[in-house]
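Undergrad: have a look at this prediction, sequence included:
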Amino acid sequence: MRKRESRTAGGEVVKMMVTVVDFLECAHQLPDMPWLTTKKCCNLHGHTYKVEMDIEAEGRGGIEMEDIVVDFGRVKEVLRRFDHRYLNDEFKKVKNYESRPTTAENFATLLWQEVQEILPAGTFVVGVRVWEGFKGDQSNLVTLSY
């Protein structure tokens, strides 16, 4: 957990950030697109995705030590909606993602959007990291920062 300080008219306010980590098993297939150098991803296949999501709380009159930034359970409920699913079908259910390819980049932005919708006022997703094919040195990493 990282903490940052900022000044307000009423004194110091502490911002806190937590990182939620989860693993998801998903299948997908990419359309045959000119930018794909390997066509094997056009076949149905699956990955273990490691997801790290940084969530930061602002102000709310100052965060006391007994307060929490976010309920991890609620965040993981959103993430696990995609666990053991076919991402192509899941993308079709989300506005503005119906025709997007199921790349790791698009998956990361989709997860950011879905989690941000359930967060209370003053709480924000500030970073998302998605590892596709979590196999140590054979992983592909996508990082989004806000």
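TA: That came through fine.
Undergrad: now Phe91: phi and psi?
TA: Taking degrees, to the nearest 10, you get phi -60, psi -40 for the backbone angles of Phe91.
Undergrad: got a pLDDT number for the closest residue to it other than its chain neighbours?
TA: Nearest residue to Phe91, sequence neighbours excluded (CB to CB, 6 or more residues apart in numbering): Tyr97, at 4.5 Å. (Glycine included, C-beta is placed from N, CA and C.) Per-residue confidence for Tyr97 comes out at a pLDDT of 96.
Undergrad: now Leu144: how far from Ala121?
TA: According to CB to CB, to the nearest Å, Leu144 stands 22 Å off from Ala121.
Undergrad: and those two? Which one has more around it.
TA: Leu144 (17 against 7; other CB atoms under 10 Å).
Undergrad: tell me what that one is bridged to.
TA: Leu144 has these beta-bridge partners by DSSP bridges: Val128.
Undergrad: residues in contact with it?
TA: Ala108, Thr109, Trp112, Gly127, Val128, Arg129 (CB atoms under 8 Å, 6 or more residues apart in numbering).
Undergrad: bridging residues for Tyr49?
TA: Here Tyr49, judged by DSSP bridges, has bridge partners Leu24, Glu132.
Undergrad: what separation do you get for it and Val21?
TA: 11 Å.
Undergrad: of the two, who's got more company?
TA: Tyr49 (25 against 12).
Undergrad: quick one: the helices in the protein?
TA: 72-80, 87-92, 104-116 (DSSP state H).
Undergrad: rebuild those as TSV, extending it with mean neighbour count, distance to Glu25 and mean pLDDT.
TA: TSV is the format used below for these (neighbours: other CB atoms under 10 Å; distance: least, CB to CB, whole Å; pLDDT from 0 to 100):
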stretch	mean neighbour count	distance to Glu25	mean pLDDT
helix 72-80	15	10	95
helix 87-92	17	11	97
helix 104-116	19	13	96
